[in-house]
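Engineer: Everything below, folded, please.
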Amino acid sequence: MQSGAGYGNLILLALPLLLLGFLALSQRRRTKEMAAIQASLVVGDEVMTSSGLYGRLVSLDDDIATLEIAPGVQVRFDRRALVRAPQPRPEAG
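Structural biologist: Here you go, the predicted model:
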């Protein structure tokens with residue numbers, strides 16, 4: 001009986017460590033994906049910000065991205081707020 005209880009305690013100690021390892025790997029993967037998105041941005045791209053605002057990149061500096069959200073309307077965002085380029089919608093056919 002002693003060995004069974006020992007394995008149970010070992011499993012209870014190992015589960016949180018496995019969970020922390022999984023969370024760290026997931027965060028690292030997301031960080032790499034965001035870095036790849038940031039590196040691939042060019043002026044003229046359609047992008048979405050972390051707050052859900054869509055626009056076209058007008059200018060892009062090291063820290064500041066300027067988006068045109070409507071004709072003649074430009075807003076400045078921190079470059080890190082650009083989370084992704086919107087995916088093209090499937091054509092209805």
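Engineer: Using the three-state scheme, assign residue 20.
Structural biologist: Counting by DSSP: H, G, I helix; E, B strand; the rest coil, the backbone at residue 20 sits in helix.
Engineer: How many residues are close by residue 82?
Structural biologist: Neighbour count for residue 82, taken as other Cβ atoms under 10 Å: 23. Every C-beta, even on glycine, is put in place using the N, C-alpha and C of the backbone.
Engineer: any idea how far it is from residue 66?
Structural biologist: Residue 82 sits 11 Å away from residue 66 when distances are taken as Cβ to Cβ, to the nearest Å.
Engineer: next one: residue 72
Structural biologist: From residue 72 over to residue 66 (counting by Cβ to Cβ), the distance is 13 Å.
Engineer: Tell me, domain by domain, which residues of the protein belong where.
Structural biologist: The record's domain split for the chain, according to automatic domain parsing, is 1-40, 42-87.
Engineer: Just say which of those is most tucked in.
Structural biologist: Between those, the one whose residues have the most neighbours on average, counting mean count of other Cβ atoms under 10 Å, is domain 42-87 (a mean of 13).
Engineer: ok, which stretches of this structure are helices?
Structural biologist: Under the criterion DSSP state H, helices of the chain are mapped to 2-40.
Engineer: center of it, which residue is that?
Structural biologist: residue 34 (4.8 Å; Cα atoms, centre = their mean).
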